[in-house]
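Chemist: next input, structure requested:
(2 chains)
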Amino acid sequence: MDLFRTIFSDPEVWQITVLSLKLSGLGTLFSLLIGLPVGTLLAYAKFPGRSFFMGIVNAGMGLPPVVVGLAVAMLLWRSGPLGSLRLIYTPSAIVIAQTVIAAPVVTGLTAAALQQLNPRLRLQLLGLGASQTQVILHMWWEARLPLLAALMAGFGSVISEVGASMMVGGNIRYQTRVLTTAIVLETSKGQFDFAIGLSVLLLTVTFLINLTLTWVQQRGAKQ
Amino acid sequence: MSIVLEIHDLLVRLDQKIVLDIETLTVETGEILAVVGPNGAGKSTLLQVIARLLKPERGVISFNGSHGTGETDTQYRRHMGLVLQEPLLLDTTVLDNVATGLRFRQLPRIEIKQRAETWLKRFGIEHLRNRPACKLSGGEAKRVSLARAFALQPDLLLLDEPFSALDSPTRASLLDDLKSILTETNTTTIFITHDLKEATSLGDRIAVILNGKLLQCGTPEEIYSYPKDAEVRSFLGLDAR
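Modeler: You can find the predicted model right below:
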């Protein structure tokens, strides 16, 4: 109990927690902005190579965070193509890497959710005079429960990753240290108690967020 | 009577196969045209082509005297109301479902509510207004999908087998209600069915489509008294007489 009291009274722990939530929240948000339209396109548009793109997205759902970290680090490295932006070892770099990790998850699950709807519903909406935008908004509404699951999966994939955040963020104290990288650091220092405390905090935060989203989802299901 | 819809030289090919080939077909204002034919004859394809949900390989479809070149597909479809075989209701209340097409047209809220309520009453489902669509019976759901289309006050109503998958009493009751509403509103309608009784009961004229070809079009009396050929005769079940 003393350990938890120490952890919860440490302002740095709260700063790390808030930063983790902020960066993973932004990564999930950007992945939604990419994943929803791209997933919709993959679900409904007919174009050559669609199955190939679908395969890439599905493969991307299991993209190892360290590989993403490496790719983003090479892009943002000072001598890299985007080096002039000076983003390496900044919170923005972590958001970019986490967006790359979550986007295929959200895209793939969005496409799957929309493909599960009755394909004739789209025709019915068009037949009632819907514009293409109105059709898409209504299809998203109809698939809102699996789309919420896509959101949860996307968030879960980034809040729990460590490899990419470590590689592109550098685990810099007060700047890019997030819960997962802090756990790695404490473990490497042999501070297992502190690492366990942070892990419990990470699990609690993740659980509470997913519990809220699940409540929203199940409330929708009951209605 | 003026002509609402005119079709000339229509050809639809799907997967290299001709599924619809119609030389000419017209629908007049206030008329109910029943399109009959067996499953896979091309009836639903005709409806989709008319609603611009499917592009034909060739052909001219003139609606209200215009080829619709000045209108987008959405603007064109907003002259129509479409009811497909399945009710395909949205996951919301009955009232919201009936208001769906009206909301697409961005009509004032008061008008949307008034029109939706009117058509709920007209189809005898006003007591279901706040019920989630997923909790409706098959017959109730069909009534909602019909009310949703009628609420649009369309220039042309397109009904694709609206009585399919209903039991006989529900079907009969809905057929009676639909008949009286169509007569009362004088709504120009194309009604797809494979049931000859329904076609004869509702249609001012009947169009017989077999294997994608429009073989005959005329009043029920004309069709039954003078079937064009053996194929039509056989489809109408007149062979045994």
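
Chemist: can you pull the phi/psi pair for the residue of chain A found nearest chain B?
Modeler: For chain A, the residue closest to chain B is A:G127, as judged by C-beta to the nearest C-beta, at 2.8 Å. Yep, even glycine has a C-beta here, placed from its N, CA and C like the rest. Note on A:G127: its backbone torsions stand at phi -70, psi -20 [degrees, to the nearest 10].

Chemist: what separates the residue positioned nearest the centre of chain B from chain A, distance-wise?
Modeler: The centroid of chain B falls nearest to B:L159 when counting by C-alpha atoms, centre = their mean (1.9 Å). Going from B:L159 to chain A by C-beta to the nearest C-beta, to the nearest Å gives 11 Å.

Chemist: now do whichever strand or helix holds that residue: which elements does it pack against?
Modeler: Using DSSP states H and E, B:L159 sits within strand B:156-160. Applying 3 or more C-beta pairs under 8 Å, 6 or more residues apart in numbering or on different chains; DSSP states H and E, one finds that strand B:156-160 makes contact with helix B:43-50, strand B:80-83, helix B:138-150, strand B:189-193.

Chemist: now the ones you listed in CSV, with mean pLDDT?
Modeler: Shown next, in CSV, are the helices and strands packed on strand B:156-160 (pLDDT from 0 to 100):
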stretch, mean pLDDT
helix B:43-50, 96
strand B:80-83, 97
helix B:138-150, 96
strand B:189-193, 96
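
Chemist: run me through the strand neighbours of the strand holding B:L159, direction for each.
Modeler: strand B:80-83 (parallel), strand B:189-193 (parallel) (DSSP bridges).

Chemist: quick check: A:V95 touching A:S20?
Modeler: No - the criterion here is C-beta atoms under 8 Å, and A:V95 misses it with A:S20 at 11.7 Å.

Chemist: count of neighbours near A:V66?
Modeler: 14 (other C-beta atoms under 10 Å in any protein chain shown).

Chemist: one step back: tell me, how many residues neighbour the residue of chain A closest to chain B?
Modeler: Residues near A:G127, counting by other C-beta under 10 Å: 25.

Chemist: cool, and B:L158?
Modeler: Neighbours of B:L158 (other C-beta under 10 Å): 23.

Chemist: residues contacting it?
Modeler: The contact partners of B:L158, by C-beta atoms under 8 Å, 6 or more residues apart in numbering or on different chains, come to A:G127, B:L47, B:I50, B:A51, B:M80, B:G81, B:L82, B:V83, B:T189, B:I190, B:I192.

Chemist: now do the same for it: its pLDDT.
Modeler: We note a pLDDT of 98 for B:L158 in this prediction.

Chemist: please apply the same query to the one 4 residues further on.
Modeler: pLDDT, the model's per-residue confidence, is 90 for B:P162.

Chemist: what does B:L89 give?
Modeler: The model's pLDDT for B:L89 equals 97.

Chemist: how about it, what does it touch?
Modeler: Each residue near B:L89 by C-beta under 8 Å, 6+ apart is listed here: B:N97, B:A133, B:C134, B:L136, B:A141, B:V144, B:S145.

Chemist: chain center to the host helix or strand of B:Y224: distance?
Modeler: When elements are defined using DSSP H and E, B:Y224 is found to belong to helix B:220-225. Counting by C-alpha atoms, centre = their mean, to the nearest Å, helix B:220-225 is centred 21 Å from the centre of its parent chain.

Chemist: pull out the buried residues from the next helix or strand after that helix.
Modeler: Remark: after helix B:220-225, the chain's next helix or strand is helix B:230-235, criterion DSSP H and E. Residues of helix B:230-235 classed as buried by neighbour count (16 or more other C-beta atoms under 10 Å in any protein chain shown): B:V232, B:R233, B:F235.

Chemist: follow-up on the earlier one: redo the helices and strands packed on strand B:156-160 as CSV? Include mean neighbour count.
Modeler: As requested, the helices and strands packed on strand B:156-160 are exported to CSV (neighbours: other C-beta atoms under 10 Å in any protein chain shown):
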stretch, mean neighbour count
helix B:43-50, 23
strand B:80-83, 27
helix B:138-150, 24
strand B:189-193, 26
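
Chemist: columns distance to A:G154 on top of those, output as JSON lines?
Modeler: Formatted as JSON lines, these follow (distance: least, C-beta to C-beta, whole Å):
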{"stretch": "helix B:43-50", "distance to A:G154": "36"}
{"stretch": "strand B:80-83", "distance to A:G154": "36"}
{"stretch": "helix B:138-150", "distance to A:G154": "35"}
{"stretch": "strand B:189-193", "distance to A:G154": "43"}
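
Chemist: tell me where chain B has strands.
Modeler: Under the criterion DSSP state E, chain B contains strands at B:3-14, B:17-28, B:32-36, B:58-63, B:80-83, B:156-160, B:189-193, B:205-210, B:213-218.

Chemist: that older thread, with distance to B:Q16 added, can I get the strands paired with strand B:156-160 in a markdown table?
Modeler: Formatted as a markdown table, these follow (distance: least, C-beta to C-beta, whole Å):
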| stretch | distance to B:Q16 |
| --- | --- |
| strand B:80-83 | 27 |
| strand B:189-193 | 25 |
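
Chemist: which bits of chain B sit near chain A?
Modeler: B:48, B:51, B:53, B:73-74, B:77-78, B:80-82, B:84, B:86, B:88, B:90-91, B:100-101, B:104-105, B:132, B:148-149, B:152, B:158 (C-beta under 8 Å from any C-beta of the partner chain).

Chemist: hmm, which of these are the buried ones?
Modeler: B:48, B:51, B:53, B:74, B:77-78, B:80-82, B:84, B:86, B:88, B:90-91, B:100-101, B:104, B:132, B:148-149, B:152, B:158.

Chemist: residue numbers of chain A in contact with chain B?
Modeler: Checking chain A against chain B by C-beta under 8 Å from any C-beta, the hits are A:118, A:120-121, A:123-132, A:134, A:138, A:141-142, A:223.

Chemist: show me those that map onto helices.
Modeler: A:R120, A:L121, A:L123, A:Q124, A:L125, A:L126, A:G127, A:Q132, A:Q134, A:H138, A:W141, A:E142 (DSSP state H).

Chemist: and which of those is nearest A:A59?
Modeler: When those are compared for distance to A:A59 (C-beta to C-beta), A:E142 wins out at 27.6 Å.

Chemist: OK, contacts around that closest one?
Modeler: Listed by C-beta under 8 Å, 6+ apart, the contact set of A:E142 reads A:L117, A:L121, B:L90, B:D91.

Chemist: report the distance from the strand holding B:L159 to the chain centre.
Modeler: That offset, for strand B:156-160, works out to 2 Å (C-alpha atoms, centre = their mean).

Chemist: check stretch A:198-205 too.
Modeler: With C-alpha atoms, centre = their mean, you get 17 Å for stretch A:198-205.

Chemist: in it, what's buried?
Modeler: A:L198, A:S199, A:L201, A:L202, A:V205.

Chemist: average pLDDT for the helix or strand that contains the third one?
Modeler: Using DSSP H and E, A:L201 maps to helix A:192-222. With pLDDT averaged residue by residue, helix A:192-222 scores 88.
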